[in-house]
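Trainee: Whatever this is, show me its structure:
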Amino acid sequence: MTTRRSAPRTVPEFFEAQVVSSPDALAVLYKDTALTYDDLNRRVNRLARLLIDRGVGPDHLVAVAVPRSVELVVSVLAILKAGGAYLPLDPRYPAARKAFMVEDAAPTLLVRAGGGRVPGVELAEIDLDSDACAAFDDADVRQADRREPLTDRHLMYVIYTSGSSGTPKGVAISHDGVADLVATQAQRFRPGLGDRVLQWASMSFDAGFWDVTLALLHGATLVMADDEDLLPGDALHETLAKYEIDHAVLPPVALSVTDSEGVLLGGTIMSTGDACTPALLRKWAPGRRMFNGYGPTEATVGSTIAGPITEADGVGIGFPWVGTRVRVLDEHLRPVPDGREGELYLAGSGLARGYVNRPELTASRFLPDPFGPPGARMYRSGDLGRRDADGRFHFAGRVDGQIKLRGFRVELGEIETCLTGQPDVALAAVVVEGELADARLVAYLTAHPGATLDPAALRTELAAALPEFMVPTRITVLDEFPTLPNGKVDRRALGAPSDADAPEPPAPPAGPRTPDALLGDVVARLLGLSTVDLDANFFDLGGNSLIAGRLIGAVREELGVRLPIRTVLEAGDLGEIARFLHGRIQPPTTAEAEPPTGSGTARQQKEMP
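Mentor: Sure, this is the predicted structure:
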């Protein structure tokens, strides 16, 4: 008598089903490394058995400090196969932030590669640069091999988000929502054998988990690339074309500065992480199936999806995922009529257990669901929205100081707390100026009596404590803050400086533009400064990875020179970049003008489903 296997409920079960179904299909592609599903599974099994041998089991948390690579995918899947949960530590994060995450979440083990240590933290570790896995069997890990059977109730990952109190908070997610996530992906995106999915998001964000599962739980290929090859603009466009990507999830800011010509044709693209605009629909929807996604980290990646959408549809956040319920409630938790705004509450599968070591915060955000079965919970999102007469949901802003910047969730209060923790800072307010690719954080400060503040030194202090996307582009010291009649800081006044305060645009050059002059003008324009000194460091001036991509595009357009992203990232000052440009002012060669390998191939020009 044949024993009938139950339907998959956890990530390892879904992944192993794809290994059985298509063992020779391409699973992961990274540079010159290509692994089939069978190859990947064997590597995952060996590491999973090593993890079990080191004591990892269900509800055991394992920190992962591995750069973008095949080893990162192997690590995440192996931890889940062993029954454990992963805590991603982005190698680019400041050491202090990674140390806080480790101390707060208390993982039992660290998996690292490429020197990914966490300074100041004592933690048992597995170094993937060694051959520690070689002695272990590569057969599938069964329930009997684990320290206890793995179920969908067990922890899957902990991801830290910005905290309004000044302390990051860890969101604990179980496997409970995986089956509905996979069902939603299959219904809406239809990934499958031969498709290629771009791994764009960092694994320190839940969008990274979406990329992995959209590929590896559906038999598709996960395409990985280095950080510099994923920068919005020319680099991202070339990567999309070179690898003939079929599915990509990108924030609006990345879509706004990346050329849509010749990429993702016949494929799918989802805008998420911030509000999509009609202009982006006009740019990206033709020839593709375009979606707009919504969902906080406190749910398993997402909650609603709109699409396929066109410009005629308008930009909403669509209908709930499989297994998800979305309600629009007033301040008394009463449903509001369709068409009226209220706060969005999320219920159903996939809700987080809560916040790590934050029981009071968990209780305030995860409430008993008065509309669900006994014991059901709902998450108070803090997002405003409405439902229209057709049942579609629309996002309408926040009820607090949380914002989305370049696709990242940022609590302005965390940055302000970090600033006021500096000895000479009396008060701080952080606002967002500009939109999409031009959006930037700007901090306004007042000093304690008799103290003097150095904005450059303060930015250095922030960079040592906060991720790059949370460090303000500019810090301005004020004598006093503008206030509202109720005495609160008038943030609108801060975010809209007077014409007298606005930097003067660089004066038009009197003669031919030298590389030095052009570089200075472009950097000043991108950073909203009147002038820049070539002795200054691009990032100290307020630059970031997104602006670096735009700088490369501007130099290429105005000088006809390909400026490598690594040159920008590694330059000690702008003068180094200018010296690179000297002697290279010439039109692109024929080879440079040609599209990257794979652009416009028959595979990419497949028919729309």
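
Trainee: Okay, strands next: where are they in the stretch 451-600 of the chain?
Mentor: Ranges of strands in the stretch 451-600 of the chain, per DSSP state E, counting those that start in this stretch, are 474-477.

Trainee: Check the stretch 1-150 of the chain too.
Mentor: Along the stretch 1-150 of the chain, the stretches classed as strands by DSSP E, counting those that start in this stretch are 26-30, 33-36, 61-65, 85-88, 109-112, 125-127.

Trainee: so what does the last one touch, helix or strand wise?
Mentor: So the one you mean is strand 125-127. The contact analysis (3 or more Cβ pairs under 8 Å, 6 or more residues apart in numbering; DSSP states H and E) places strand 125-127 against helix 37-53, strand 109-112. (C-beta placed from N, C-alpha, C; glycine too.)

Trainee: Strand partners (parallel or antiparallel) of it?
Mentor: Its sheet considered, strand 125-127 pairs with strand 109-112 (parallel) by DSSP bridges.

Trainee: and the strand it pairs with, how far out from the chain's middle?
Mentor: Taking Cα atoms, centre = their mean, to the nearest Å, the mean C-alpha location of strand 109-112 is offset from the chain mean by 22 Å.

Trainee: To V62, which of the helices and strands packed on strand 125-127 lies closest?
Mentor: Nearest of the helices and strands packed on strand 125-127 to V62, taken as Cβ to Cβ: strand 109-112 at 4.9 Å.

Trainee: what does that closest one rub up against?
Mentor: 47, 51, 54-56, 60, 62-66, 75, 79, 102, 118, 123-128 (Cβ atoms under 8 Å, 6 or more residues apart in numbering).

Trainee: Just the buried subset of those residues, written out for PyMOL, thanks.
Mentor: Buried subset of the contacts of strand 109-112, written as a PyMOL selection, criterion 16 or more other Cβ atoms under 10 Å:
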select buried, resi 47+51+54+56+60+62+63+64+65+66+75+79+102+118+125+126+128
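
Trainee: quick one on the thing from earlier: export the helices and strands packed on strand 125-127 to TSV and append columns for mean pLDDT and distance to L361.
Mentor: Output for the helices and strands packed on strand 125-127, formatted as TSV (pLDDT from 0 to 100; distance: least, Cβ to Cβ, whole Å):
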stretch	mean pLDDT	distance to L361
helix 37-53	97	30
strand 109-112	94	26
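
Trainee: Please identify the deepest-packed of those.
Mentor: Counting by mean count of other Cβ atoms under 10 Å, strand 109-112 has the highest mean neighbour count of those, with a mean of 24.

Trainee: Tell me which of the strands of the stretch 1-150 of the chain lies nearest to G572.
Mentor: Closest approach to G572 among these is made by strand 61-65 (26.5 Å; Cβ to Cβ).

Trainee: Counting by contacts, list what that closest one packs against.
Mentor: helix 70-82, strand 85-88, helix 95-105, strand 109-112.

Trainee: Just the CA trace of the second one, in PDB.
Mentor: Okay, so that is strand 85-88. Coordinates of each C-alpha in strand 85-88 appear next as PDB, following Å, rounded to 0.1, in the frame of the first residue of the first chain:
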ATOM      1  CA  ALA A  85      15.000  29.900  11.300                       C
ATOM      2  CA  TYR A  86      17.400  32.500   9.700                       C
ATOM      3  CA  LEU A  87      18.400  35.900  10.900                       C
ATOM      4  CA  PRO A  88      19.900  37.800   7.900                       C
END
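
Trainee: Check the offset of that strand from the chain's centre.
Mentor: Taking Cα atoms, centre = their mean, one finds the center of strand 85-88 at 15 Å from the center of the full chain.

Trainee: Show me the protein divided up by domain.
Mentor: Structurally, the chain divides into domains by automatic domain parsing as follows: 10-167, 225-400, 409-495, 515-593.

Trainee: can you tell which of the ones you listed is closest to T184?
Mentor: With respect to T184, and counting by Cβ to Cβ, the nearest of the domains of the chain is domain 225-400 at 4.5 Å.

Trainee: end-to-end on stretch 384-399?
Mentor: Start to finish, the residues bounding stretch 384-399 are 7 Å apart (Cα to Cα, to the nearest Å).

Trainee: Start at 568, not 1
Mentor: All set: I'll call the first residue 568, so the last point we hit is now stretch 951-966.

Trainee: Please state the mean pLDDT value computed over that stretch.
Mentor: Stretch 951-966 shows a mean pLDDT of 88.

Trainee: Quick check: buried residues in it?
Mentor: The neighbour-count check on stretch 951-966 (16+ other Cβ under 10 Å) flags 951-954, 959-963 as buried.

Trainee: Repeat that for stretch 863-883.
Mentor: Within stretch 863-883, the residues that count as buried by 16+ other Cβ under 10 Å are 863-876, 880, 882-883.

Trainee: And stretch 834-852, by the same measure?
Mentor: By neighbour count on 16+ other Cβ under 10 Å, the buried set for stretch 834-852 is 834-844, 847-848, 850-852.

Trainee: For these, work out which two are farthest apart.
Mentor: The most widely separated members of these, counting by Cβ to Cβ, are G834 and A842 (22.7 Å).

Trainee: picking that back up, which among the strands of the stretch 568-717 of the chain is found nearest to L1086?
Mentor: With Cβ to Cβ as the measure, strand 593-597 is the member of these nearest L1086 (33.0 Å).

Trainee: re the thing from before, between the buried residues of stretch 834-852, which is nearest K665?
Mentor: Scanning the buried residues of stretch 834-852 for proximity to K665, where the rule is Cβ to Cβ, the winner is G840, at 22.4 Å.

Trainee: wait, doesn't that closest one sit right on P818?
Mentor: Yes. Counting by Cβ atoms under 8 Å, P818 is a contact partner of G840 at 3.8 Å.

Trainee: ok, back up a step: any chance of the helices and strands packed on strand 628-632 in JSON lines, with distance to L765 too?
Mentor: Listed next are the helices and strands packed on strand 628-632 as JSON lines, based on distance: least, Cβ to Cβ, whole Å:
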{"stretch": "helix 637-649", "distance to L765": "13"}
{"stretch": "strand 652-655", "distance to L765": "18"}
{"stretch": "helix 662-672", "distance to L765": "26"}
{"stretch": "strand 676-679", "distance to L765": "24"}
